[in-house]
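**Student:** Sequence below, structure please.
(chains A and B)
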2 protein chains.
Amino acid sequence: VKPLQESHVAVVGLGLMGGSIAGALRPRCRSMTGVARRQETLDIALERELVDLGTLVLADGLNHADIVILATPVRTILRLLHEIGPLLPAGCLVTDLGSTKADIAAAMALLPATVHAIGGHPLCGRERAGIDAAEPTLYQGRTFVLTPLPRTAAPAVGLTRAMVSAVGARPLLLEPRRHDQLVAVTSHLPYLVACGLVESAAALAAIDPLLWEVTASGFRDTTRLAASDVTMMRDILMTNQEAVVEALASCARQLDRLASLIDAGDQDGLEAILRSVQTCRRVLDG
Amino acid sequence: VKPLQESHVAVVGLGLMGGSIAGALRPRCRSMTGVARRQETLDIALERELVDLGTLVLADGLNHADIVILATPVRTILRLLHEIGPLLPAGCLVTDLGSTKADIAAAMALLPATVHAIGGHPLCGRERAGIDAAEPTLYQGRTFVLTPLPRTAAPAVGLTRAMVSAVGARPLLLEPRRHDQLVAVTSHLPYLVACGLVESAAALAAIDPLLWEVTASGFRDTTRLAASDVTMMRDILMTNQEAVVEALASCARQLDRLASLIDAGDQDGLEAILRSVQTCRRVLDG
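**Tutor:** Residues are numbered from 1 along each chain as shown, chains lettered A, B, ... in the order given. The predicted structure is shown next:
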């Protein structure tokens, strides 16, 4: 594989994630091409200098690429992986920014043996969506998970690591299924719990509309993820069903235990849990 | 009752909430006395000019008060309400800053007929605790729920409203039990759900410690409330058991429905809910 600074890079999908990585890599690679569905998106990406070139035609975007980054919702990534094999130049590296990795690894395994493939998942907040929210600084200081396939050659892993470092992120290598089980709890579950909270509130508000008058910052913070992009989240959940259902079951068990302690008036038992949770949570804030 | 600016005010409990309301009201009343358990707290309150006078002796703090604000955890408020009757000057107004109101209203109903009483609950974020976190601006722009008793005279309600306005908050009159049912969903449930999330994550992290490496801002925001003061939250939950248990059951039903849709691969059904939740949540951000 060529070094990053000599590589022609193509980013497919210029939303928040794709637009941001294009902008972050453009000064560090030979050329940056953006592929989008709408001319308006390309116009914005060009005007904001996130890309050097833009095209609506996938084949045109890929045919000289040394590195291809798929930056669409997960199931569009899966569809693209099944379609782009014949369009990829020999020796090119294919990666992605999808939030689930096992299905994507399986689809990458079916790519022609002439191309390199490795999954990627940068951990960034993203309730906002679209090119307008894109920022080249989005990945700075973030963890960027890489999920090599058994077939991924060491130089391809090295090039992807260089790309991650170039955008200011920290690479973390994980097996795809292990990644999916972890983010089911740390990312997909918080989203669903936020949705459940909003639904519970909406159900009570249907009876007593004053409910919205007594929501404060705690409710807003805890439910912030419920405003996330629905297409993105639906694809994530539908490609991580088993781990997500298990995460929901785990959370339900914890809530049921808390409910039992409260119902029984077991304040010592309750307090012991609340204290251990508080200690655990405060560690996250350093 | 006297107008606010002619009133001697006593705040019992100089933590985040009490210290902040003392500092906010001090310039608007005749005198501000703080009652605390520790001399160190009084020293800080005096040095920060949150109070004019400080005392460790409850009776000394109350014996000339026109307005008494109880600003301790809820069950300490309940204990104080059962003890302070004989210490209160005739005609004085007793209120509080506790986060549940039905038990407090019941305890206030037992105060001598010679004093006025009305419950209060300012809606502010408060993961931080203690006098060091106190700020006179804490209540600005916040909703401040007032829960009058059947016996509360109109002038006492008026004086409390004036006090709420003086600290920059918006008064909202509610029946105590209705308040408790609403905040069970908008405040106590988000706290418990945050705790359940942290517990689920900790359980998986016990098997795979890399979990903490793949937590991003979404997890931190959704679990922020789990860092709340435990004594405060334990008292809140233990004085709102029925409504909290019902709120947990409502949330469990919503999560169970989401799990069923994901498990069944019903993407249209799932997407319909996620979209309605997203719309509902985005309204909160204006």
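**Student:** quick one, what contacts the residue nearest to residue A:232 when sequence neighbours are not counted?
**Tutor:** Leaving aside its sequence neighbours, residue A:232 sits nearest to residue A:73 (C-beta to C-beta, 6 or more residues apart in numbering or on different chains; 5.0 Å). Where you see a C-beta, it was placed from the backbone N, CA and C, and this is true even at glycine. Contact analysis of residue A:73 by C-beta atoms under 8 Å, 6 or more residues apart in numbering or on different chains lists A:98, A:231-232, A:235.
**Student:** now residue A:27: how far from residue A:9?
**Tutor:** 11 Å (C-beta to C-beta, to the nearest Å).
**Student:** do the same with residue A:251
**Tutor:** 39 Å.
**Student:** Over to residue A:85?
**Tutor:** Distance of residue A:85 to residue A:9, given as C-beta to C-beta: 19 Å.
**Student:** Those two: which has the busier surroundings?
**Tutor:** Each of residue A:85 and residue A:9 has its neighbours counted (other C-beta atoms under 10 Å in any protein chain shown); residue A:9 has more, 25 against 13.
**Student:** I figured that one was touching residue A:67, is that so?
**Tutor:** Yes: using C-beta atoms under 8 Å, residue A:9 is in contact with residue A:67, at 4.5 Å.
**Student:** and the residue sitting nearest the centre point of chain A, which of the three is it?
**Tutor:** Nearest to the geometric centre of chain A sits residue A:99, at 3.5 Å (C-alpha atoms, centre = their mean). Following DSSP: H, G, I helix; E, B strand; the rest coil, we place residue A:99 in the coil state.
**Student:** Skipping its backbone neighbours, what lies nearest it in space?
**Tutor:** Per C-beta to C-beta, 6+ apart, closest to residue A:99 is residue A:236, 4.8 Å.
**Student:** Assumed residue A:145 was part of a helix.
**Tutor:** No: under three-state DSSP, residue A:145 falls outside any helix and is assigned strand.
**Student:** Next one: it from residue A:103, what distance?
**Tutor:** Using C-beta to C-beta, we find residue A:145 at a distance of 15 Å from residue A:103.
**Student:** More neighbours: the two, which one.
**Tutor:** The neighbour count for residue A:145 versus residue A:103, taken as other C-beta under 10 Å, is higher for residue A:145 (27 against 21).
**Student:** Pretty sure the more buried one sits against residue A:124.
**Tutor:** No: at 11.6 Å, residue A:145 does not count as touching residue A:124 under the criterion of C-beta under 8 Å.
**Student:** Run through chain A and note the low-pLDDT ranges.
**Tutor:** Where chain A drops to pLDDT under 70, the residues are A:125-127.
**Student:** out of all of them, which helix in it is the longest?
**Tutor:** For chain A, the longest helix by residue count, based on DSSP state H, is helix A:241-263.
**Student:** From the chain's centroid, how far away is that one?
**Tutor:** How far helix A:241-263 lies from its chain's middle: 25 Å, per C-alpha atoms, centre = their mean, to the nearest Å.
**Student:** What are the buried residues along the helix or strand that contains residue A:177?
**Tutor:** Using DSSP states H and E, residue A:177 falls within helix A:176-183. Judged by neighbour count using 16 or more other C-beta atoms under 10 Å in any protein chain shown, the buried positions of helix A:176-183 are A:176, A:178-183.
**Student:** Same question for stretch A:229-240.
**Tutor:** Those would be A:229-240, for stretch A:229-240 by 16+ other C-beta under 10 Å.
**Student:** quick one: contacts of it?
**Tutor:** Counting by C-beta under 8 Å, 6+ apart, A:73-76, A:78, A:98-100, A:102-104, A:126-127, A:129, A:180, A:183-184, A:188, A:191-192, A:244, B:262, B:265, B:267, B:270-271, B:274-275, B:278 sit against stretch A:229-240.
**Student:** that older thread, hmm, the residue nearest to the centre of chain A is touching residue A:121, no?
**Tutor:** Yes: contact criterion C-beta under 8 Å: residue A:99 and residue A:121 qualify, at 5.8 Å.
**Student:** what touches both of the two?
**Tutor:** Jointly contacting residue A:99 and residue A:121 under the rule C-beta under 8 Å, 6+ apart are residue A:183.
**Student:** how long is stretch A:65-75 end to end?
**Tutor:** 22 Å (C-alpha to C-alpha, to the nearest Å).
**Student:** sorry, back to before: show the contacting residues for the residue nearest to the centre of chain A.
**Tutor:** With C-beta under 8 Å, 6+ apart, residue A:99 has these contacts: A:74, A:121, A:183, A:187, A:232, A:236.
**Student:** can you map out the strands along chain A?
**Tutor:** Listed in chain order, the strands found in chain A under DSSP state E are A:8-12, A:31-35, A:53-55, A:67-70, A:93-96, A:116-122, A:143-148, A:170-173.
**Student:** May I see those arranged in JSON lines, with distance to chain B as well?
**Tutor:** Output for those, formatted as JSON lines (distance: least, C-beta to the nearest C-beta, whole Å):
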{"stretch": "strand A:8-12", "distance to chain B": "21"}
{"stretch": "strand A:31-35", "distance to chain B": "25"}
{"stretch": "strand A:53-55", "distance to chain B": "29"}
{"stretch": "strand A:67-70", "distance to chain B": "20"}
{"stretch": "strand A:93-96", "distance to chain B": "17"}
{"stretch": "strand A:116-122", "distance to chain B": "9"}
{"stretch": "strand A:143-148", "distance to chain B": "6"}
{"stretch": "strand A:170-173", "distance to chain B": "6"}
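**Student:** can you put the ones you listed in JSON lines and add distance to residue B:112?
**Tutor:** Converted to JSON lines, the strands of chain A look like this (distance: least, C-beta to C-beta, whole Å):
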{"stretch": "strand A:8-12", "distance to residue B:112": "74"}
{"stretch": "strand A:31-35", "distance to residue B:112": "75"}
{"stretch": "strand A:53-55", "distance to residue B:112": "78"}
{"stretch": "strand A:67-70", "distance to residue B:112": "73"}
{"stretch": "strand A:93-96", "distance to residue B:112": "71"}
{"stretch": "strand A:116-122", "distance to residue B:112": "64"}
{"stretch": "strand A:143-148", "distance to residue B:112": "61"}
{"stretch": "strand A:170-173", "distance to residue B:112": "64"}
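**Student:** Residues of the stretch 51-200 of chain A that sit close to chain B?
**Tutor:** Selection of the stretch 51-200 of chain A residues close to chain B by C-beta under 8 Å from any C-beta of the partner chain yields A:123-125, A:142-143, A:145, A:172, A:174, A:178-179, A:181-183, A:185-187, A:189-200.
**Student:** hmm, try it at 7 Å
**Tutor:** A:123-125, A:143, A:145, A:172, A:182-183, A:185-187, A:189-190, A:192-200 (C-beta under 7 Å from any C-beta of the partner chain).
**Student:** Among those residues, which are located in helices?
**Tutor:** Using DSSP H, those in helices are A:182-183, A:189-190, A:192-200.
**Student:** And the furthest pair within these?
**Tutor:** The most widely separated members of those, counting by C-beta to C-beta, are A:182 and A:200 (26.7 Å).
**Student:** Now do the same contact list for residue A:24.
**Tutor:** By C-beta atoms under 7 Å, 6 or more residues apart in numbering or on different chains, the contact list for residue A:24 reads A:136, A:139, A:167.
**Student:** which one of those residues is nearest chain B?
**Tutor:** Taking C-beta to the nearest C-beta as the measure, chain B sits nearest to residue A:139 out of those, at 11.5 Å.
**Student:** Got phi/psi on that closest one?
**Tutor:** When quoted as degrees, to the nearest 10, the phi and psi of residue A:139 stand at phi -90, psi 0.
**Student:** So it sits against residue A:167, correct?
**Tutor:** Yes: Residue A:139 lies in contact with residue A:167 (C-beta atoms under 7 Å); the separation is 4.2 Å.
**Student:** Could you check which of the two is surrounded by more residues?
**Tutor:** residue A:139 (24 against 20).
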